[in-house]
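Chemist: Quick check, what structure comes out for this input:
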Amino acid sequence: MVANLISDKEMGNMRKLCSQIVTVKYSIGEFLKKPLFSEEGATIAEYALLLAVVVIALIGVLGKLSGALEDKIQGIIEQIGP
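Modeler: All right, here's what the predicted structure looks like:
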């Protein structure tokens, strides 16, 4: 029934169009996979992440040391004072 409604030329055009759609879909998939699975630039991201962790740890340590240092300086001032 459908064959009577669509000519051979139109059927060929539809097959060609479907083939092109599949090719484009495959190309887009490959284009999107490439950056996700590529190891180029991974070292830069790893170094940036490592630097962020070090900075966060340093901020935490300096925060704790500042309180201890302030107490030590205050003790010295009290010993020197009248």
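Chemist: mean confidence score for stretch 10-18?
Modeler: For stretch 10-18, the mean per-residue pLDDT is 76.
Chemist: Use 290 as the first number from now on
Modeler: New numbering, starting at 290: the last item is stretch 299-307.
Chemist: Buried ones in that stretch, by neighbour count?
Modeler: Buried residues in stretch 299-307, counted by 16 or more other Cβ atoms under 10 Å: none are found. All C-beta spots, glycine's among them, are computed from the backbone N, C-alpha and C.
Chemist: buried residues in the helix or strand containing residue 313?
Modeler: Secondary structure assignment for residue 313, by DSSP states H and E: helix 297-326. Residues of helix 297-326 classed as buried: none (neighbour count, 16+ other Cβ under 10 Å).
Chemist: mind showing which ranges of this protein have poor pLDDT?
Modeler: 290-295, 315, 321-331, 371 (pLDDT under 70).
Chemist: care to break it down by domain?
Modeler: 290-327, 330-371 (automatic domain parsing).
Chemist: what about the strand or helix carrying residue 340, distance to the chain center?
Modeler: Using DSSP H and E, residue 340 maps to helix 331-369. Per Cα atoms, centre = their mean, to the nearest Å, the displacement of helix 331-369 from the mean C-alpha position of its chain is 28 Å.
Chemist: What are the buried residues along it?
Modeler: Per 16+ other Cβ under 10 Å, helix 331-369 contains no buried residues.
Chemist: What helices and strands are in contact with it?
Modeler: Judged by 3 or more Cβ pairs under 8 Å, 6 or more residues apart in numbering; DSSP states H and E, helix 331-369 has no packing partners among the helices and strands.
Chemist: The most centrally placed residue in the chain and residue 342: what is the separation?
Modeler: The residue lying closest to the centre of the chain (Cα atoms, centre = their mean) is residue 334, at 8.3 Å. Per Cβ to Cβ, to the nearest Å, residue 334 is found 13 Å from residue 342.
Chemist: Also residue 307?
Modeler: 50 Å.
Chemist: do the same with residue 355
Modeler: 21 Å.
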